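Undergrad: generate a structure from the sequence data that follows.
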Amino acid sequence: MQKKAGVVLSYFIIFLKIFVVFFYVPFVLKTIGKDSYGLFTVVSSIIAYISILDFGLNDSTLRYFVKFRNSVDINQKISILSAVSKIYTTIGGIVIVALFLVYFYLDLVFINKFTTVELTLLKKMYIISGVSIFFTIFLNPIGAILSAYEKFIFLKLVELISFVITTIIIVIFLNEGYGVLEMIVITGTINIIAQFIKYCYCRVKLKICFPVFGKNNQYIKDLVFYGSPIFVVVLVEQIYWKLDNILIGAILGTTYVTYYAMGLVFQKYILSFSTAISRIMTPNLISQIDSGSKIEILNEYIKISRLQLAVICVISLNLALWGEEFLIIWLGEEYKKSYLVLLLILIPFTIENIGNVRNVILQVYKLYWIRALIIFIISILNIGATYVLLNEIGIDGAALSTSISLIIGYIFTNILLWKKVGLDLKLFFIKVWGKAFLLLTIIIVTILLFKNYYVGQISTWFSLILCVTLTGLFYFILIWFLYLNLEEKKIIKKIFSK
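TA: Residues are numbered from 1 along each chain as shown. The predicted structure follows:
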């Protein structure tokens, strides 16, 4: 019940966020302006780097609580909690030091492109966001514990309510004439409150106390070893998705940060669709990997990936085919320049996120270190390429560099699954992508011919919605009748029936 309800709530939250973004982003851009929105994006990117000081230990906590949640040995659970508490207390201290150090370097990085007023505002926003991220990181184990105990309904309800309240309050304040600083204050305050609600639930309902400082240190090494490669991968992801914003802000200014951000505004929702099923199924998958055969793991991997493809590709197809028209109608003619950014990153990002449960397999097989090192090297090369291409061709260069990096990382990760884990990747690609590639090609060619010969200038919401709807219907008819098998149709029907 928790898993199915968790999936349904996950998708409901994603759809709600997408619906809100349609109205919220244009409203915010109009209210605070492109420069302030770019400033908001830069602060978020800097704070995202501080957030990686979790060092991947959230996944470590989840993994070990899944393993020992049903254990009758209370001391074992206390030992894990003690190890997690000591680690996160140390991390809390590191976060405070990092926040102070970064603060004193803000002037040095942004002084050439930011005005004095923008720099002052940047520092205030940074301090407020820093307080919020400190509490988020320190209380991260609570979310992992709740996931391990499959309290998905509670977790998703907290996320849903927090999002709705945050959005409503920000809209009210912006209407009253407040600005981007107040946006940060509201977001940070509600985030802290949400963390403490989860903390209270964990203590009252699960009777699990955090932090706990015992004498047993036996799990510290295991937690750190499991989490370290995850930390490297998270660092790489920040380089891909956040460093571009910082470099663009430093080289081109805040306005171009906004143009770039609008090209990526829906990427996180594609990721959300992808992980909504895989995240809910992670505890079960971990248990299966611990006890299952390679064939069972491969079959589960294929099943999850096919379901992800069925859900994700309809969004990616519509963004790719109608994204330029959408950006113009949604935000204005000047945001047409965001379309190429969207397209360059959308394609490899979609492919990479279909089957992203592969990362869980590598983690449990203790091979994640290899992937982490490979994509870390790729990301370092990406920094240099981004810097050069930004100066040569602007924000499109940053998108191109990230796109190529994603493709190379995807190829090496699959080689790792094939060579080290021993999964039959040929069967995987045949089952997941074989027929899908042909169907997607048919859809793309048909829609492009339709656009060229039968569609005039799409300039209204009605015409755009009509085109997107027709594309979606065409896609689902082909996918339902020519791609999904009976078991997958039953799973989708069950989800919708719930």
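Undergrad: pLDDT weak spots in this protein?
TA: For the chain, the stretches with pLDDT under 70 are 1-7, 48-77, 211-218, 226-227, 240-241, 268, 271-288, 290-292, 455-456, 495-498.
Undergrad: which residues in it form strands?
TA: In order along the chain, the chain carries no strands (DSSP state E).
Undergrad: how many residues are close by residue 481?
TA: 9 (other CB atoms under 10 Å). Where C-beta positions appear, they are placed from N, C-alpha and C, glycine not excepted.
Undergrad: number the residues from 544 up from this point.
TA: Got it, first residue is 544 now, which makes that one residue 1024.
Undergrad: roughly how far does it sit from residue 1017?
TA: Distance of residue 1024 to residue 1017, given as CB to CB, to the nearest Å: 12 Å.
Undergrad: excluding sequence neighbours, find me the nearest residue to residue 941.
TA: residue 787 (4.5 Å; CB to CB, 6 or more residues apart in numbering).
Undergrad: what of residue 749?
TA: residue 692 (6.1 Å).
Undergrad: tell me, how many residues neighbour the one you found?
TA: 18.
Undergrad: then residue 889?
TA: Quick note: residue 889 (other CB under 10 Å) scores 23 neighbours.
Undergrad: these two touch, right, it and residue 810?
TA: Yes: under the criterion of CB atoms under 8 Å, residue 889 is in contact with residue 810, at a separation of 7.2 Å.
Undergrad: which residues do those two both contact?
TA: Counting by CB atoms under 8 Å, 6 or more residues apart in numbering, residue 889 and residue 810 have no common neighbour.
Undergrad: still on that earlier bit, hang on, the residue nearest to residue 941 packs against residue 940?
TA: No: with contact defined as CB under 8 Å, residue 787 does not reach residue 940; the gap is 9.8 Å.
Undergrad: wait, what's in contact with residue 915?
TA: Residue 915 neighbours (CB under 8 Å, 6+ apart): 771-773, 775-776, 779.
Undergrad: which of residue 787 and residue 940 has more neighbours?
TA: residue 787 (27 against 21).
Undergrad: please report how far the more buried one lies from residue 807.
TA: 9 Å.
Undergrad: do residue 993 as well
TA: For residue 993, the distance to residue 807 - CB to CB - is 27 Å.
Undergrad: comparing those two, which shows the higher neighbour count?
TA: For the pair residue 993 and residue 807, the greater number of neighbours falls to residue 807 (20 against 15), based on other CB under 10 Å.
Undergrad: state which helix of this structure is the longest.
TA: Longest helix in the chain, counting residues (DSSP state H): helix 545-594.
Undergrad: ok, and the most crowded of the contacts of residue 915?
TA: Ranking these using other CB under 10 Å puts residue 776 first, with 26 neighbours.
Undergrad: ok, which stretches of the stretch 894-1041 of the chain are helices?
TA: 901-907, 911-936, 938-959, 968-972, 978-997, 1004-1025, 1029-1040 (DSSP state H, counting those that start in this stretch).
Undergrad: so which of the ones you listed is nearest residue 730?
TA: Taking CB to CB as the criterion, helix 938-959 is the member of the helices of the stretch 894-1041 of the chain that comes nearest to residue 730, at 25.4 Å.
Undergrad: and the closest one, what does it pack onto?
TA: On a contact count with 3 or more CB pairs under 8 Å, 6 or more residues apart in numbering; DSSP states H and E, helix 938-959 meets helix 787-794, helix 797-807, helix 882-896, helix 901-907, helix 911-936.
Undergrad: relative orientation of it and helix 797-807 in degrees?
TA: Here helix 938-959 runs at an angle of 40 degrees relative to helix 797-807 (axes from the mean of the first three to the mean of the last three CA atoms, to 10 degrees).
Undergrad: helix 938-959 vs helix 787-794, what angle?
TA: 150 degrees.
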